[in-house]
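1. Following is a predicted model, sequence given first.
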Amino acid sequence: MNKLLLSLALISVAMFACSKNVQSTQSNKITLGCGIEVTAIDDRPGEMDISLFSGVLTEEQKQAYMPGGKAPSSVNVFLVKTAGNTYMIDAGFGNAVKDKRIKPETIDGIFITHKHGDHIMGLLNEDGTAVFSAPIYVSGLESEYWLSEETLNSELQKNLAKAYEDRYKTFNFGDILAPGIVAINGAPHTPGHTAFLVGNGQEKILIAGDFLHAAALQFPEPTESANFDMDKEGSVKTRIALMEQAEKNDWLIAGVHIPNPGWGKVKSNGKGGFTFAP
Ligand SMILES: [Zn+2]
């Protein structure tokens with residue numbers, strides 16, 4: 001093959017890779033166009049209890065979505081490979097580091113959706129020192145809130161700020177954090193809760209953190225909120241808005257607590273709720 005043919009072939013391969021939809025699916029890994037790969041690691045499989053949820057439904061109506069009063073859940077940590085670097089979205093409890101499914105030395109940066117314990121405890125060793133040598137990125141709003149309030153988790157928040165003090169970075173909604181990773185306003189589950197839109201080509205995935213907690217209940221009934229939502233009314237609006245946006249743009253949507261791998265396509269069900277196809 002001469003040089004011209006070779007370069008034409010390479011260009012068409014590159015264009016193909018960039019325009020094609022999701023290229024391959026393993027159970028917990030997807031390859032998006034333009035060389036971006038996303039892996040979802042379940043840091044702690046479990047269940048959500050019905051008592052955590054409230055809204056307009058009766059107990060009986062909730063039970064219909066949560067048989068036995070439970071819905072399956074996960075604590076997903078997402079790894080995003082882009083432009084030669086590997087970024088982590090949230091850190092879970094740290095189980096995936098302990099059993100070596102995540103190797104801290106391979107991580108180049110950590111983007112935090114919000115600072116609830118189940119998303120940040122994995123950043124710290126038991127003695128409060130840092131697990132990762134990479135920088136951590138938290139939205140300015142989220143950071144301000146947790147560093148100023150005295151909360152139950154304040155020891156955790158103080159340790160985190162101290163352990164990462166020389167590489168603790170803040171961002172604003174709309175910022176491009178890495179090639180193909182943009183910070184999106186996902187508040188007010190917490191004041192600075194962030195979703196991350198990942199993808200350079202046609203296919204994108206919205207990693208929406210805690211936009212919902214029990215997939216079985218809150219896709220069909222997005223007006224139900226978890227006790228963890230600091231602003232329930234606002235969280236209902238954001239939950240619906242993010243799902244509508246994902247449907248309109250044909251993005252995959254992912255949640256930290258949706259059973260692993262935690263992503264799928266949403267579609268309005270015409271009754272104010274959504275169906276979710278994992
Ligand atoms: Zn959470």
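-> Arrived safely, thanks for sending.

2. Can you name the residue of the stretch 151-278 of the chain nearest the ion?
-> The ion sits closest to Asp210 of the stretch 151-278 of the chain, with a gap of 4.5 Å, by CB to the ion. Using the backbone N, CA and C atoms, a C-beta is placed for each residue, glycine as well.

3. contacting residues for that residue?
-> 113-114, 116, 119, 189, 193, 226, 228-229, 255-257 (CB atoms under 8 Å, 6 or more residues apart in numbering).

4. Please flag which of these sit within strands.
-> Counting by DSSP state E, the part of the contacts of Asp210 found in strands is Ala226.

5. what would the contacts of Asp210 look like in a markdown table with neighbour count, pLDDT and distance to the ion?
-> Output for those, formatted as a markdown table (neighbours: other CB atoms under 10 Å; pLDDT from 0 to 100; distance: CB to the ion, whole Å):
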| residue | neighbour count | pLDDT | distance to the ion |
| --- | --- | --- | --- |
| Thr113 | 29 | 98 | 8 |
| His114 | 27 | 98 | 8 |
| His116 | 21 | 95 | 5 |
| His119 | 24 | 98 | 6 |
| His189 | 29 | 96 | 8 |
| His193 | 29 | 98 | 10 |
| Ala226 | 20 | 97 | 9 |
| Phe228 | 17 | 96 | 6 |
| Asp229 | 23 | 95 | 10 |
| Gly255 | 28 | 98 | 9 |
| Val256 | 28 | 98 | 6 |
| His257 | 26 | 98 | 6 |
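
6. Rebuild the contacts of Asp210 as a markdown table, extending it with distance to Pro220.
-> Formatted as a markdown table, those follow (distance: CB to CB, whole Å):
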| residue | distance to Pro220 |
| --- | --- |
| Thr113 | 23 |
| His114 | 24 |
| His116 | 24 |
| His119 | 25 |
| His189 | 19 |
| His193 | 22 |
| Ala226 | 15 |
| Phe228 | 19 |
| Asp229 | 18 |
| Gly255 | 15 |
| Val256 | 19 |
| His257 | 16 |
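
7. Helices - which of the contacts of Asp210 land there?
-> His119 (DSSP state H).

8. which among the contacts of Asp210 gets closest to Asn269?
-> Nearest to Asn269 among those: Gly255, at 17.7 Å, using CB to CB.

9. Distance of that closest one relative to Ala178?
-> 21 Å (CB to CB, to the nearest Å).

10. and if you look at Thr194?
-> Taking CB to CB, one finds Thr194 at 14 Å from Ala178.
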